[in-house]
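Undergrad: pasting the sequence and the predicted model now:
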Amino acid sequence: MSATPFLVLSAILFTIGCVGVLTRRNAIVVFMCVELMLNASNLALVTFSRVNGNLDGQVAAFFVMVVAAAEVVVGLAIIMTIFRTRRSASVDDASLLKY
Amino acid sequence: MFVPLQESVPVVAPSAAGGVFSLLWVIIALPAMGAAVVLLLGNTRTSKWAHLLGCATVIVSFVISLVAFFALLGRDTGSRQIGQTLWSWVDAGSFKVDMALLYDPLSAVFLLLITGVGALIHVYSVGYMEHDVRRARFFAYLNLFVAAMLMLVLADNYLGMFLGWEGVGLASYLLIGFWQHKPSAAVAAKKAFVVNRVGDVGMALGTMMVFATFGTVTFAGVSAAAGRADETTMTILGLLFLLAACGKSAQVPLQSWLLDAMEGPTPVSALIHAATMVTAGVYLVVRSNFIYDYAPVAQTAVVVVGAVTLLWGAVIGCAKDDIKKALAGSTMSQIGYMMLAAGLGPAGYAFAIFHLLAHGFFKANLFLGAGSVMHAMDDDVDMRHYGALQKALPVTFLTFAVGYLAIIGVPPFAGFWSKDKIIEAAFADNLVVGLAALLGAGVTAFYMTRVMLMTFLGRKRWADGVHPHESPKVMTVPLILLAALSAVGGLLVFGGWIDHWLEPVAGAEPHANGEINVLLMSLVILVTVAVGIAIAWLTVGRNEVPRTAPANVSVFTKAARADLYGDAINEELFMRPGDRFVNGLVTFDDRGVDGVVNGTAGAFGGMSGTFRRLQTGFVRSYALSVLGGAVLVVLALLAVNFA
């Protein structure tokens, strides 16, 4: 089994996520794109784990999932709060913390 | 003319204190305690008894000094140096100094002068300062002064002497500015302090150099090792101590503060600025005889300073209408005589100290007399407003007259013996110096006769509201005692007593001035004095003295009235360049140093102003920079791995 298709898929997913983070304004979409990048990297980790025949990569993938879950909890809470106060979910509107 | 008398330089080698000599420290401790008690409790709490405490401490110190003096007289010449170590003062590596006292013939006569004249002036001050609400504080300062002055003359090393030296400077400052509500007094105090600091630099550097050269600062150690140092070192040391002496003793070129110091209360002028503190410079030179005997150049400098000052002060004294300033000029001049004598080496040390003692008596007498006159004239100091006071103030007049006869050197009063000796020694040394001293005697006679004529004789020139009255007993009794001392003080000279007395300290006088006829010399001096008196009579006594000083006077009178432009010289030579230098430094600091510091800060500030624009607050631009960074890292890794 060749690892290449998996890695290519991983790279494509990561790139989509990356572009989404940079270009979209809606906080929820940006958030989903971040998740997409995390899962792309998870796919790469699992692939390499399979290729190399040890479980380290899969363990790392689980860690990423746990962190991602925690991040979702905090991140969604922040987005909800901002939406409630400003009636907007655009990341460009929340730009008070600047020079 | 200056031959260092190597074999005759005496070595200070004190023996341990016993008997009455173990009480030496009490002499200093009593006035110090008096000052501490009154100053710590404050003026109002002590105002009822502070003057009694002040007088009592000094009188007890005087009694102990007197007993110690007679105990010293009872010893033979060889064992007349007594040391008392109190405690270890400084112990830093090889620099060890004990708080130790040295009681020898020189300190013995100084103790008697300081505590004796000091006690009389304390008693006089009880009356003089009676109506001053801050009298308690005044007595505390006087006690502080006496304690510091005793420390100065009793210390057995240069560091202890420095302690006393600074202490008397502080007391002098506090007392000149005692009436600090008068701006002139505050300024005079500051001036005295600043000018004295210049001299103190010499004292401090001299002390350090003594330690660097000899590894010790005790008189015993330095005198024993003095012969081993080279002459250049000794000359520098001598000049440094001369600078110190010039500051404290108001000698040219550091003379300018003494005339202003007369802003202080009159007892202060009598005690500090006539009898004791201003003679500390002479004490320093005589005490350091083991240095000066090996430094002929420094000795010559001392003689020159003395000769210049004795004329300088005398000329100023001639033109002053303020009775205290006329006497202050006279003090400068008389200390000039002492310095001159001290610079003559073993031939002159004893005469310097002898004149110092005599001067302490008659000048304190004259100043207290002036204070009594001022007391009677509602604190008016202008002699042009006096005249014909001999009827109103008989006791003051008679005592002042004794002081007058003593200072101009009429036999048999004290000044005759002491001044004649100095003039003789000066002629034996050098004709020019001798002539200067002789001329000084004539000028002294002139200005003192002028003071006498303008104050006590002639027609009365008082304002209508003034009613002169004799001072109370508490003031006249010290005057009478001081007048008696001025009259008989000359007896010390008989049989060469003072010479032999100081031999353990200053060495034996080489009997080299045999070619001078002493009687003829005295005659010449008396004639000079008579000429001075005659000129004073012709110019001041015969004519009516105007109530205001005439303005169209000769250049010389104008110069003397302006203290021979001493202040102007100081201002032009030191103050203005100093001001310019300091202004330059301030400009350099403001523009240069601050410029660099502020410029650096400004540059960083400007850069921050530009760079902070990067913080846009847009999450997506931050994400882009994170991406850019990550890409860079990846590229770098690739470059490292494939290169």
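TA: Sure, I can see it. Not measured: the values here are computed from a predicted model.
Undergrad: residue ranges of the helices in chain A, please?
TA: Taking DSSP state H, the helices of chain A run over residues A:4-23, A:27-52, A:56-86.
Undergrad: contacting residues around B:Leu627?
TA: Residues in contact with B:Leu627 (Cβ atoms under 8 Å, 6 or more residues apart in numbering or on different chains) are A:Cys18, A:Leu22. Backbone N, C-alpha and C define where each C-beta goes, glycine included.
Undergrad: which residue does chain B bring closest to chain A?
TA: B:Gly617 (3.0 Å; Cβ to the nearest Cβ).
Undergrad: nearest to chain B, out of the helices of chain A?
TA: Between these, helix A:4-23 lies closest to chain B; by Cβ to the nearest Cβ that is 5.2 Å.
Undergrad: by how many degrees do that closest one and helix A:27-52 diverge?
TA: For helix A:4-23 against helix A:27-52, the angle by axes from the mean of the first three to the mean of the last three Cα atoms, to 10 degrees is 160 degrees.
Undergrad: so what does the lengthiest helix in chain B touch, helix or strand wise?
TA: Scanning chain B for the longest helix, with DSSP H as the assignment, gives helix B:183-214. Applying 3 or more Cβ pairs under 8 Å, 6 or more residues apart in numbering or on different chains; DSSP states H and E, we find helix B:183-214 packed against helix B:158-176, helix B:219-225, helix B:231-248, helix B:256-260.
Undergrad: chain A contacts on chain B?
TA: Within chain B, the positions near chain A by Cβ under 8 Å from any Cβ of the partner chain are B:Arg612, B:Arg613, B:Gln615, B:Thr616, B:Gly617, B:Phe618, B:Val619, B:Arg620, B:Ala623, B:Leu624, B:Leu627.
Undergrad: show me which of these are buried.
TA: When those are checked for burial by 16 or more other Cβ atoms under 10 Å in any protein chain shown, the buried set is B:Phe618, B:Val619, B:Arg620, B:Ala623.
Undergrad: with pLDDT, secondary structure and distance to A:Ile12 as added columns, please give those residues in TSV.
TA: Below are these laid out as TSV (pLDDT from 0 to 100; DSSP: H, G, I helix; E, B strand; the rest coil; distance: Cβ to Cβ, whole Å):
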residue	pLDDT	secondary structure	distance to A:Ile12
B:Phe618	87	coil	27
B:Val619	86	helix	24
B:Arg620	87	helix	21
B:Ala623	90	helix	19
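Undergrad: where does the stretch 401-550 of chain B have low pLDDT?
TA: By pLDDT under 70, the low-scoring segments of the stretch 401-550 of chain B are B:493-496, B:509-516.
Undergrad: please produce TSV containing the helices of chain A, extended by mean pLDDT, distance to B:Ala280 and mean neighbour count.
TA: Conversion of the helices of chain A to TSV gives the following (pLDDT from 0 to 100; distance: least, Cβ to Cβ, whole Å; neighbours: other Cβ atoms under 10 Å in any protein chain shown):
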stretch	mean pLDDT	distance to B:Ala280	mean neighbour count
helix A:4-23	94	88	15
helix A:27-52	94	89	18
helix A:56-86	93	83	13
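Undergrad: now render those helices as a markdown table, adding distance to B:Pro468.
TA: Below are the helices of chain A laid out as a markdown table (distance: least, Cβ to Cβ, whole Å):
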| stretch | distance to B:Pro468 |
| --- | --- |
| helix A:4-23 | 107 |
| helix A:27-52 | 104 |
| helix A:56-86 | 96 |
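Undergrad: out of those helices, the one nearest B:Arg459 is which?
TA: The minimum distance between B:Arg459 and the helices of chain A falls on helix A:56-86, with 103.5 Å, by Cβ to Cβ.
Undergrad: wait, does that closest one contact chain B?
TA: No - Helix A:56-86 lies out of reach of chain B by Cβ under 8 Å from any Cβ, never closer than 11.4 Å.
Undergrad: what separates that helix from the chain centre, distance-wise?
TA: With Cα atoms, centre = their mean, to the nearest Å as the basis, helix A:56-86 stands 9 Å off its chain's centre.
Undergrad: between it and helix A:27-52, how big is the angle?
TA: Going by the same axes, to 10 degrees, helix A:56-86 makes 180 degrees with helix A:27-52.
Undergrad: against which helices or strands is helix A:56-86 packed?
TA: Packed against helix A:56-86 by the contact rule (3+ Cβ pairs under 8 Å, 6+ apart) you find helix A:27-52.
Undergrad: what packs against the helix it packs on?
TA: Counting by 3+ Cβ pairs under 8 Å, 6+ apart, helix A:27-52 packs on helix A:4-23, helix A:56-86.
Undergrad: dump the ones you listed to JSON lines, plus distance to B:Gly415.
TA: What follows is the helices and strands packed on helix A:27-52, written out as JSON lines (distance: least, Cβ to Cβ, whole Å):
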{"stretch": "helix A:4-23", "distance to B:Gly415": "107"}
{"stretch": "helix A:56-86", "distance to B:Gly415": "102"}
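Undergrad: of these, which is nearest B:Glu503?
TA: Judged by Cβ to Cβ, the one of these that comes nearest to B:Glu503 is helix A:56-86, at 100.5 Å.
Undergrad: skipping adjacent residues, who's closest to B:Ala301 in space?
TA: In space, and not counting its chain neighbours, B:Ala301 is closest to B:Leu242: 5.7 Å by Cβ to Cβ, 6 or more residues apart in numbering or on different chains.
Undergrad: okay, that neighbour: pLDDT?
TA: B:Leu242 is assigned a predicted lDDT (pLDDT) of 95.
Undergrad: cool, and the one 4 residues further on?
TA: Here the pLDDT value assigned to B:Cys246 is 94.
Undergrad: quick one: list the elements packing against the host helix or strand of B:His355.
TA: Per DSSP states H and E: B:His355 is located in helix B:349-376. Identification of packing neighbours for helix B:349-376 by 3+ Cβ pairs under 8 Å, 6+ apart yields helix B:105-128, helix B:266-270, helix B:280-287, helix B:323-343, helix B:394-408, helix B:414-429, helix B:473-488, helix B:497-506.
Undergrad: in a markdown table: the ones you listed, plus mean neighbour count.
TA: Output for the helices and strands packed on helix B:349-376, formatted as a markdown table (neighbours: other Cβ atoms under 10 Å in any protein chain shown):
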| stretch | mean neighbour count |
| --- | --- |
| helix B:105-128 | 25 |
| helix B:266-270 | 29 |
| helix B:280-287 | 27 |
| helix B:323-343 | 28 |
| helix B:394-408 | 23 |
| helix B:414-429 | 25 |
| helix B:473-488 | 21 |
| helix B:497-506 | 21 |
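Undergrad: can you list the low-confidence ranges for chain B?
TA: Checking chain B against pLDDT under 70 turns up B:1-9, B:493-496, B:509-516.
Undergrad: phi, psi for the spatially most central residue of it please.
TA: Centroid-nearest residue in chain B: B:Val278, 2.7 Å away (criterion: Cα atoms, centre = their mean). Main-chain torsions, B:Val278, degrees, to the nearest 10: phi -70, psi -10.
Undergrad: give me every residue that touches it.
TA: Neighbouring residues of B:Val278 by Cβ under 8 Å, 6+ apart: B:Lys248, B:Ser249, B:Ala250, B:Leu258, B:Ile272, B:Thr331, B:Ile335.
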